[in-house]
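Peer 1: Here is the input, now give the coordinates:
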Amino acid sequence: MTADAPGSDEALIAAAKAGDAAAFGDLVRRHEPRVHRFLAQLTGNREDARDLGQEVFIRFHRHLPRHRPGARVEPWLFTVARRRAIDLLRARRAQVPLDERLPAPPGPPPGGDLWDFARAVLSPRAFALLWLRYGEDLPVGEAAARFGCSPVAARVALHRARRTLARALDADARASVPLAACAARHRRTEAPS
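Peer 2: Got it, this is the predicted structure:
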C-alpha cells in the first residue's frame, strides 16, 4: 500500500485534517488495540490504560494539524503513551510514604505471571521496550522504531532487561519460562474489551 492509498494512515490523516471525523475514527480503531495493550502492560491496570489511551488519542487529534506528511503514526502514539504511563506511575509512587517505597524486590508468586514480575522489577522504560519486542512480538527494528530509538540501542536495552530479570529470578526454574509464550497467553487473556 502506498503512502496515499485509500485507507492508509496517510490518507486517513489527510482526510481527518480536512475535517472528516470518520477518518479520524478509523485511525483510532486501527491503532487503539495495540496502544491499549501497551498501556495496560505498563500500568498493570486496564481502566488506567483505557483512560490514558483516550488522553493519547485526544493529544493525537490536537496535534494532527502539525503532522508531517510521511511521518509514521505509531512511533508518536507509543512515545506519548509511554510518557503518560510513566507520569501516572510517578504520581502514584509520590503518593506512597517513603518508608513504604523500599520493600525487597518481589519474587514471582508460585504460578505467577512473568509480565507482572517484569513490571515490578524493571524500569517503566525497560519494561515498555520488552513488551513491544516480546509482548507484541515485534522485530527489534520495529520495536525500536515505535520506541523512538535505534535498533542497536534497543538490542542493548533488551539485553539489559533480560539480564535484570534473570538475576531477579535468581536462577529459579521459572527463569526458563519463555517471554514470548507468556506474552501470547497474556494477549489472549487481556484482550481489550
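Peer 1: Quick one: low-confidence residue ranges for this protein.
Peer 2: The chain contains residues with pLDDT under 70 at 1-6, 94-112, 170-193.
Peer 1: what about the residue nearest the centre of it, distance to residue 56?
Peer 2: The centroid of the chain falls nearest to residue 38 when counting by CA atoms, centre = their mean (3.0 Å). Residue 38 sits 10 Å away from residue 56, going by CB to CB, to the nearest Å. Any C-beta I mention is one placed from the backbone N, CA and C, and that applies to glycine too.
Peer 1: overlap in contacts of those two?
Peer 2: residue 81 (CB atoms under 8 Å, 6 or more residues apart in numbering).
Peer 1: since we're on the nearest residue to residue 67 once chain neighbours are set aside, how many residues are nearby?
Peer 2: Nearest non-adjacent residue to residue 67, counting by CB to CB, 6 or more residues apart in numbering: residue 13, 5.6 Å away. Using other CB atoms under 10 Å, residue 13 has 20 other residues around it.
Peer 1: residue contacts, residue 13?
Peer 2: 23, 27, 64, 67, 73.
Peer 1: Go ahead and produce CSV holding the CA coordinates of stretch 137-153.
Peer 2: Only the C-alpha atoms of stretch 137-153 are listed here, as CSV (Å, rounded to 0.1, in the frame of the first residue of the first chain):
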residue,chain,number,x,y,z
ASP,A,137,6.1,-9.9,19.1
LEU,A,138,7.7,-7.1,17.0
PRO,A,139,11.1,-7.5,15.4
VAL,A,140,13.7,-5.5,17.2
GLY,A,141,13.9,-2.9,14.4
GLU,A,142,10.1,-2.3,14.6
ALA,A,143,10.1,-2.2,18.4
ALA,A,144,12.9,0.3,18.2
ALA,A,145,11.1,2.5,15.7
ARG,A,146,7.9,2.5,17.9
PHE,A,147,10.0,3.2,21.0
GLY,A,148,11.9,6.0,19.2
CYS,A,149,15.4,4.6,19.5
SER,A,150,18.0,2.9,17.2
PRO,A,151,17.9,-0.9,16.7
VAL,A,152,21.3,-1.1,18.4
ALA,A,153,20.1,0.8,21.5
